[in-house]
Every structure is written in structure tokens, then in C-alpha cells.
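> I'll drop the sequence and a predicted model, then ask my questions.
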Amino acid sequence: MSFDEFARARLPALLRYATVVTCDPHLAEDIVQEVLLRAQQRWSRLVQLDHPEAYVKRMVLNEFLSWRRRRAAREVPLSQAGLDGLVAPAGDPAQQFGARDELVRRIAALPPRQRAVVALRYFEGLTDCEIAEQLGCRELTVRSHASRALAALRAAEPADDPPPVALTRVPSMGEPR
Amino acid sequence: MITDEMIQDALHRVADRAPDAARVQAALARPRRPRQRGVVAVTAAAVAVGLAAVTGLVASVASVADRLTGGDGVSGQLTELLAGLTATECAELKVATGAQASVSDTSLELRTVAETTVTVTVGAGTGITRVVGGDLDDITGGREVLVEGEEPVRGGEVVAEQVGVLSQRISVPAVAASPELLSGTVTGVSGDRFAVRSAAGAEVLVVTSPDTVVTRQDSSRLDKLVEAAFTVAVGRPRPDATLAATTVAQGTLTGEAGQPPSTLFSGLGCDADAIALTALRYGVG
């Protein structure tokens, strides 16, 4: 399989995966582009792996969680409009989907590692052992992250007018930090 | 009550907001351009500095190769090896970074980001470590730690983003020195807080949170290192175009191994352990 064939076939899935992990479509696009450009340079080796897509997904996760990227990133509040763009597609009857939107908001507000664990467990269907391998940590740590994340998701309803949720935005390389 | 199915449903709703693949595909198909929006003068200056650095690097490579071969002619393999290594302040010590490709009883091979292979020889005196995932229980009195966190807040407390529990104290590289970076010995632990005494004698209180990432540097052996993991070797180039390692350090990330700039090691002198850990922590990407 050539890199172009791989990218054509798997790009939609990679973008969905990255969007779930980051809870930010713009950051997801940035990360997937960056990762695929690097994967393209090493495709002759990657294509020999049993599961090149799994490797590329791990690259996406590493890129999102890497210390350097987080250090370079700035915490900016995501506006209500930004959250609405994430959770409220046109035509959703507010009452019917209110609870689901609230759950999406809470997932988006989780700390990055907790959100990654939730995404890998509930979107990718990985076991705790597989998640630990992906994140480079112990299973115990995965369970701890999952437990805290689920507790946050199941917490009591927030106030009517919650504060803006802090999500990580990555500045362009030329931007001052 | 929030069920697993509700979480799965919510995540699929998030996934439905993914960017349009066709647009991303088109962007990928275009020739890649630098993403920086720099000023022309700055770019020109950078090019000039880069040319000077390359010129200096070539001269440096030739000089080291000449020394190693007695000036009787430079081995092509040795020149290739030196070009793939990063220089340090220490004239003798060079740094190789890459994904571990193979290992034998006395050596390992690193596949660099430039698709070259560096053979690293390991002797009885080579220190081998591996960074693994840890947890807060690893932070105990007397351990050496490297804390990266948010800027000191109330009363000088540092809120830890990452804590590296080290096998020994290391010097902090100048490039990373900042109020948010702290290196020292743990002098006490209480609940989610611990105190760190720096080499200068100052004591700082560190606060952890559920999101604090803890890693632990363990002593290791060649046969315990993991294939494809990002690995750093610091050592001396030899005339047979191998690198005789003083220190080998491996991290948890796989594959993605950039070649760090030599400026990363500014201020570390000939401290091979500090150079290796610095390359491991800051040289990825």
C-alpha cells in the first residue's frame, strides 16, 4: 500500500480519532497533518509494520500529549460559541439533546490524559492494558485516570451559566508564547 | 446516571465534528511550506547563522575525523557517523538519538530521523537507564526529581505538570532553565504536596494534581531496552565508525526521534547523564 492510498483510505478515521482525543477540530486537523507529513517521510518503514494505522494513531496521541507541545501551547478559554460548534449541530431539538450536549461539554473539559483514556476506552474500545501501552504508563495509572474522569462526568449538574472551559490551543510556530 | 453507552454516543457526536477529510487531503498534497510567519530580516539572519553553523559543523566533522584517523584520510563511514551526531560543549562527547532498531550483547543500533544507522557499543562502565511511567508513590524522601510545572504561585508553591523521578541528580540545561523547572532532592512528602531542595539549597513546595504526569528513570540493561523506543546514546566516536557509549537512556515514546540542536546542551559540560536525559526530555520531535 502506498502512502497516498493509506492517507486516502484512513484520513477520515484519523481525523475522527484526533477530534475525539483533542475535543478540538482545529487542533485535530493540525495534529493529523503534522503526523501524516512525518509518516510520509518514513512510509517505507511504517508500511512494513503489521498495523501502520495503529502506529500513526499513537503518533497522533503522542503529538497531543507530548510535553513540548503542551509547554508550547497556551491555555485559552474556549468560548460558548466554540463549544456550541462542537456540540450543537443544526436541527438538534434542544430539549432532546440537552443532556448529551452537557456530557460532551464535560468530556471536553477533562484534563488531556483523562480525556485520552476516555477516548481510547470508549471510542477505540481498548483495554486498560492496551491504553497503558499507548500512554506509556501503568495500568494502575490508567484506571486512576478513568476513575477520576468518570467521577467528573457523573458529577452533579453545573450552574446554569458555567465558566468558559479551558482547552489547549497550539500557537503557530512563529507566534510568541 | 451516565452509562457507558451514553459516553460512547457523546464521543461519536464529537467525532462527527471532525474536519473535512478532502480539505485536509488537499492541504497534504500541496508542497509543504514553513509555518512560521517571520520577518524577512529575521529569516535572512537565520539563514546566515545557519550557513555559518553548517560551515562550522563540516569543519568540525572533518577535524574530529582527522584526529580519529590520524589525519591519514577520513573514513567515509566515520564522516557519515559524525554528521549524524550532535556535538556538545564537551569536545569528546557526541550525542546519537534515534529509534532502537536492534540490540546484541555488547551493542545496539539506532535508526536516526535521517534514516541512517548508528552503531552504539556498550561496555562495563556504560550507564543504561529507561524512563517508564510512574505514579505519585514513586516520589519519596531522598529521591532526585525534575519538576516541570506552572509558574510559582502562592508562597512559592509550584503546581507540577510533570515530575521525573531520576536515578541521580542532573544539571538543568540552560535552554530549559526557568522558574517552572525545578531540580533537586525530595526532603518531605505530605499528601499531594512534597518539598524539593535544589542544589543551591533553596526549598520549594510542589503541589501535585490528578493530572500530574509522573515518570521514573530506572537502571536498565541492554536486553531490557524496547525496540522502536526513542533512545539517546552519549559517548565517544571511534575510528571504526561506532559510538562508544558512556550513557544510554531510553524513553517511553516510540519512533519519533528528532536530532536535537547542540545548543540544547549548553551549560552541561561533560556531564553525559545530564546530556542524555536532556536529549530524552527535550529532543523529541
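Nice, thanks for sending it over.
> Confirm that A:Glu63 sits in a strand.
No - read with DSSP: H, G, I helix; E, B strand; the rest coil, A:Glu63 is helix and lies in no strand.
> The residue lying closest to it once chain neighbours are set aside: which element?
Spatial nearest neighbour of A:Glu63, excluding adjacent residues (C-beta to C-beta, 6 or more residues apart in numbering or on different chains): A:Ile31 at 4.9 Å. In short, each C-beta sits where N, CA and C put it, glycine included. According to DSSP states H and E, A:Ile31 maps onto helix A:25-41.
> For that helix, buried residues please.
A:25, A:27-36, A:38-39 (16 or more other C-beta atoms under 10 Å in any protein chain shown).
> which residues are contacting the helix ranked longest in chain A?
Counting residues, the longest helix in chain A under DSSP state H turns out to be helix A:3-22. Helix A:3-22 is contacted by residues A:25, A:27-29, A:31-32, A:36, A:39-40, A:43, A:47, A:52-53, A:56-57, A:60-61, A:64, A:115-116, A:119, A:123-124, A:168, B:11, B:14-19, B:21, B:24-25, B:28 when judged by C-beta atoms under 8 Å, 6 or more residues apart in numbering or on different chains.
> Now the buried members of the residues you listed.
Buried among those (16+ other C-beta under 10 Å): A:25, A:27-29, A:31-32, A:36, A:39, A:43, A:52, A:56-57, A:60-61, A:64, A:115-116, A:119, A:123-124, A:168, B:11, B:14-15, B:17-19, B:21, B:24, B:28.
> Show me the strands in chain A, by range?
A:74-78, A:165-169 (DSSP state E).
> mean pLDDT for those strands: which is lowest?
Mean pLDDT is lowest for strand A:165-169 out of the strands of chain A, coming in at a mean of 37.
> Counting neighbours, what do you get for residue 13?
In the absence of a named chain, this looks at chain A. Per other C-beta atoms under 10 Å in any protein chain shown, the neighbour tally for A:Ala13 reads 14.
> my question was about chain B
21.
> So what touches the helix or strand that it is a member of?
Under the criterion of DSSP H and E, B:Arg13 resides in helix B:4-15. With contacts defined as C-beta under 8 Å, 6+ apart, helix B:4-15 is touched by A:16-17, A:19-20, A:23, A:86-87, A:100, A:103-104, A:107-108, A:118-119, A:122-123, A:153.
> Neighbours of A:Glu130, how many?
16.
> Could you list the low-confidence segments of chain A?
Flagging of chain A using pLDDT under 70 yields the residue ranges A:66-99, A:156-177.
> ok, and does stretch B:118-136 reach over to chain A?
Yes - for stretch B:118-136, a contact with chain A is found by C-beta under 8 Å from any C-beta of the partner chain, at B:Val132, B:Gly133, B:Gly134, B:Asp135.
> just to revisit the earlier point, the helix holding A:Ile31 versus helix B:4-15: what angle between them?
Here helix A:25-41 runs at an angle of 80 degrees relative to helix B:4-15 (axes from the mean of the first three to the mean of the last three C-alpha atoms, to 10 degrees).
> Could I have the CA atoms of helix A:25-41 written out in PDB?
Output of helix A:25-41 as PDB, limited to C-alpha atoms (Å, rounded to 0.1, in the frame of the first residue of the first chain):
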ATOM      1  CA  PRO A  25     -11.400  20.000  15.400                       C
ATOM      2  CA  HIS A  26      -8.900  22.700  14.500                       C
ATOM      3  CA  LEU A  27      -6.200  21.200  16.800                       C
ATOM      4  CA  ALA A  28      -7.100  17.700  15.400                       C
ATOM      5  CA  GLU A  29      -6.500  18.900  11.800                       C
ATOM      6  CA  ASP A  30      -3.200  20.500  12.800                       C
ATOM      7  CA  ILE A  31      -2.000  17.400  14.600                       C
ATOM      8  CA  VAL A  32      -3.100  14.900  11.800                       C
ATOM      9  CA  GLN A  33      -1.400  17.000   9.100                       C
ATOM     10  CA  GLU A  34       1.800  17.200  11.100                       C
ATOM     11  CA  VAL A  35       1.800  13.500  11.900                       C
ATOM     12  CA  LEU A  36       1.000  12.400   8.300                       C
ATOM     13  CA  LEU A  37       3.700  14.600   6.900                       C
ATOM     14  CA  ARG A  38       6.200  12.800   9.300                       C
ATOM     15  CA  ALA A  39       4.700   9.400   8.500                       C
ATOM     16  CA  GLN A  40       5.100  10.100   4.800                       C
ATOM     17  CA  GLN A  41       8.800  10.600   5.200                       C
END
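> what helices or strands is it leaning on?
Using 3 or more C-beta pairs under 8 Å, 6 or more residues apart in numbering or on different chains; DSSP states H and E, the elements in contact with helix A:25-41 are helix A:3-22, helix A:52-65, strand A:165-169, helix B:21-29.
> Adding distance to B:Val120, write these out as CSV.
Shown next, in CSV, are the helices and strands packed on helix A:25-41 (distance: least, C-beta to C-beta, whole Å):
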stretch, distance to B:Val120
helix A:3-22, 30
helix A:52-65, 23
strand A:165-169, 36
helix B:21-29, 35
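> who wins for proximity to B:Glu92 among these?
In terms of C-beta to C-beta, the element of the helices and strands packed on helix A:25-41 nearest to B:Glu92 is helix A:52-65, at 32.8 Å.
> packing partners for the closest one?
helix A:3-22, helix A:25-41, helix A:43-46, helix A:112-122, helix A:128-135, strand B:243-254.
> If it's not too much trouble, I'd like those exported to a markdown table so that distance to B:Val206 sit alongside each entry.
Shown next, in a markdown table, are those (distance: least, C-beta to C-beta, whole Å):
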| stretch | distance to B:Val206 |
| --- | --- |
| helix A:3-22 | 28 |
| helix A:25-41 | 29 |
| helix A:43-46 | 39 |
| helix A:112-122 | 19 |
| helix A:128-135 | 22 |
| strand B:243-254 | 22 |
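> Tell me which of those sits nearest to B:Ala91.
strand B:243-254 (13.9 Å).
> now the helix or strand just after that closest one, how far from the chain's geometric center?
Counting by DSSP H and E, the element after strand B:243-254 in chain order, helix or strand, is helix B:272-282. A distance of 5 Å separates the centroid of the chain from that of helix B:272-282, by C-alpha atoms, centre = their mean, to the nearest Å.
> Give me the average confidence score over helix B:272-282.
Per-residue scores along helix B:272-282 average to 83.
> Also stretch B:248-258?
67.
> Give me the domain ranges for the chain.
I'll assume chain A. Chain A breaks down into these domains under automatic domain parsing: A:3-71, A:74-169.
> think we crossed wires, I meant chain B
B:40-130+B:219-282, B:140-165+B:179-214.
> before we move on, back to that, with B:Thr79 as the reference, name the closest of the helices and strands packed on helix A:52-65.
strand B:243-254 (13.9 Å).
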